[in-house]
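A.B. asks: give me the fold of what follows.
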Amino acid sequence: MANGVFHTVYGIEIDLTLPDLGDPDRPGLLDEITTPIERRERELLECLDHRSGSCRAEEHGRSPWMTIRRRTAGGRTGWVAAHLPVRHTPTPEESAKHKAMKERIARVAERHGLRAEVEARATDGRVRTDVLVTGDHGRRIGWEAQYAPISADTVRRRSRAAAEQGIVPLWVTDTDRSPVIGRAPWARVDGFGWKEIASPLAMMVRAGVRHLQQWKCLPSSERTCPDNGGSCGRFHAGWFLPALCLPAKPPTEVDRLVVASADGEFVPMRIPGQRDPRAVSRMWVPAADRDRWHDMFGPAGDENPPPGPVPGGAGTACTRRGPDASCRYGEETLTFDDHRPRRGNSAGTGLHTFDEVPARLFRVPPQGRGLDVTAAQRGTAALAHGCEPWQIGPCAGCGSPIHRYGGRGVHACAACRARVARG
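C.D. replies: Residues are numbered from 1 along each chain as shown. Coordinates of the predicted model:
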């Protein structure tokens, strides 16, 4: 039992011996922290001793998370905090795979000249990640090797805390039931044992990496219409696994993703659904595909989780005082407790459908007017260009007479082509 706890969302210490709990600006705080555990976040309240590294309860099989209850002692009744039981203890196999994956990520990064820090802490000293990989341009990827159960709320909160520190989170798991899927930048690999993970054996990313596919939905198209199974005559764009691309693309290895994510070759995408913006698809994609998508639809949403209130909290509309103050590493001991319906392993393809190709995607300069010259002027131009008079036409850029038609004809004059080449 304790008389104080730490509120992990607000980043404040709560004194249960005071009528206002030490925070007079939050009149509803007591109702919030005494909400039954099944109706609030399990990790809402944290032991103060755990934060200082001297929690005795954890030595006796208790978790660092707290619940608030009434206790009567000496004829007086007051509020006290009690530790919740541990839901899951990582098995030796889970711990071994977790360690092997961390070592593999760090080894690959260093082999390619990148900086890798195992069990790294951010500048605030609180946010910790399994392996922090830093690229040449300062891009920081926070790898989280998730082999044991974890809560969906913990995934969101840790990802948000990492983003606040300028770290791009990347969760890797070996099960399609993990709550990291679709809730943060993620990748799923095969269920190898620790020996295979530690070996040079290639590890393919089976889900979480996708490529952009665009097509006109016609009866002759290789793909059927995703809406009616036939053809609709409209344009479709969506994100597909490498094996489902046309033509198929090679799968991405974990080792390559370590390097490509730090170099910016692969980037995380967060794509709201076209019909339901709440249905968000998350994935890693080639940077060129991301740029093409933004050309078509604009930068819809942030790739990284934005700072803000933690979803699924205790139900109060309060403003946070700062980033999550508690250490989130090691919460693999939590079980899957998100009761929202799952949308399947793919978590959506981000499919978008549109009637016409946006005009901004056309790169060819608008055609000039017809060539308005006399027969004599056309003949003079033909002599200058060494071609027949009928082969003279307007430059697509400036409209001047050029050798436009025939076997050696060009679309634009040399000056216009050079201007386009320079960008």
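A.B. asks: excluding chain neighbours, what is closest to residue 401?
C.D. replies: Nearest residue to residue 401, sequence neighbours excluded (C-beta to C-beta, 6 or more residues apart in numbering): residue 381, at 4.0 Å. C-beta: built from backbone N, CA, C; applies to glycine.
A.B. asks: give me the secondary structure label for the one you found.
C.D. replies: Under the three-state scheme (DSSP: H, G, I helix; E, B strand; the rest coil), residue 381 adopts helix.
A.B. asks: for the protein, what's the longest strand?
C.D. replies: strand 62-73 (DSSP state E).
A.B. asks: what are the buried residues along it?
C.D. replies: Neighbour-count burial for strand 62-73, counted by 16 or more other C-beta atoms under 10 Å, picks out 62-68.
A.B. asks: make a markdown table out of these and add distance to residue 407 and pLDDT.
C.D. replies: As requested, the buried residues of strand 62-73 are arranged in a markdown table below (distance: C-beta to C-beta, whole Å; pLDDT from 0 to 100):
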| residue | distance to residue 407 | pLDDT |
| --- | --- | --- |
| 62 | 84 | 71 |
| 63 | 79 | 77 |
| 64 | 78 | 81 |
| 65 | 78 | 85 |
| 66 | 82 | 88 |
| 67 | 84 | 90 |
| 68 | 86 | 91 |
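A.B. asks: pLDDT weak spots in the chain?
C.D. replies: When residues are selected by pLDDT under 70, those of the chain lie in 1, 52-54, 58-61, 86-89, 122-127, 153, 300-348, 358-369, 423.
A.B. asks: let me know the outermost residue of it.
C.D. replies: Here the centre of the chain is the reference, and by C-alpha atoms, centre = their mean the most remote residue is residue 376, at 64.3 Å.
A.B. asks: list the beta-bridge partners for residue 353.
C.D. replies: Here residue 353 sits in beta bridges with residue 236, going by DSSP bridges.
A.B. asks: hmm, residue 227 and it touching each other?
C.D. replies: Yes. Look at residue 353 against residue 227 with C-beta atoms under 8 Å: they come within range, at 7.0 Å.
A.B. asks: show me what contacts the nearest residue to residue 292 once chain neighbours are set aside?
C.D. replies: Nearest residue to residue 292 in three dimensions, chain neighbours excluded: residue 212, at 5.9 Å (C-beta to C-beta, 6+ apart). Contacts here follow C-beta atoms under 8 Å, 6 or more residues apart in numbering; on that basis residue 212 touches 237-239, 285-286, 289, 292-293.
A.B. asks: about what we covered before: for the longest strand of the chain, packing partners?
C.D. replies: Here strand 62-73 touches strand 45-47, strand 76-85, going by 3 or more C-beta pairs under 8 Å, 6 or more residues apart in numbering; DSSP states H and E.
A.B. asks: just the angle between that strand and strand 76-85, please?
C.D. replies: Compare the direction of strand 62-73 with that of strand 76-85 by axes from the mean of the first three to the mean of the last three C-alpha atoms, to 10 degrees and you get 160 degrees.
A.B. asks: buried residues in the helix or strand harbouring the residue farthest from the centre of the chain, which are they?
C.D. replies: Taking DSSP states H and E as the criterion, residue 376 maps to helix 375-385. Within helix 375-385, the residues that count as buried by 16+ other C-beta under 10 Å are 378, 381-382, 385.
A.B. asks: distance to residue 196 for those - can I get that in a markdown table?
C.D. replies: Listed next are the buried residues of helix 375-385 as a markdown table, based on distance: C-beta to C-beta, whole Å:
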| residue | distance to residue 196 |
| --- | --- |
| 378 | 73 |
| 381 | 71 |
| 382 | 71 |
| 385 | 66 |
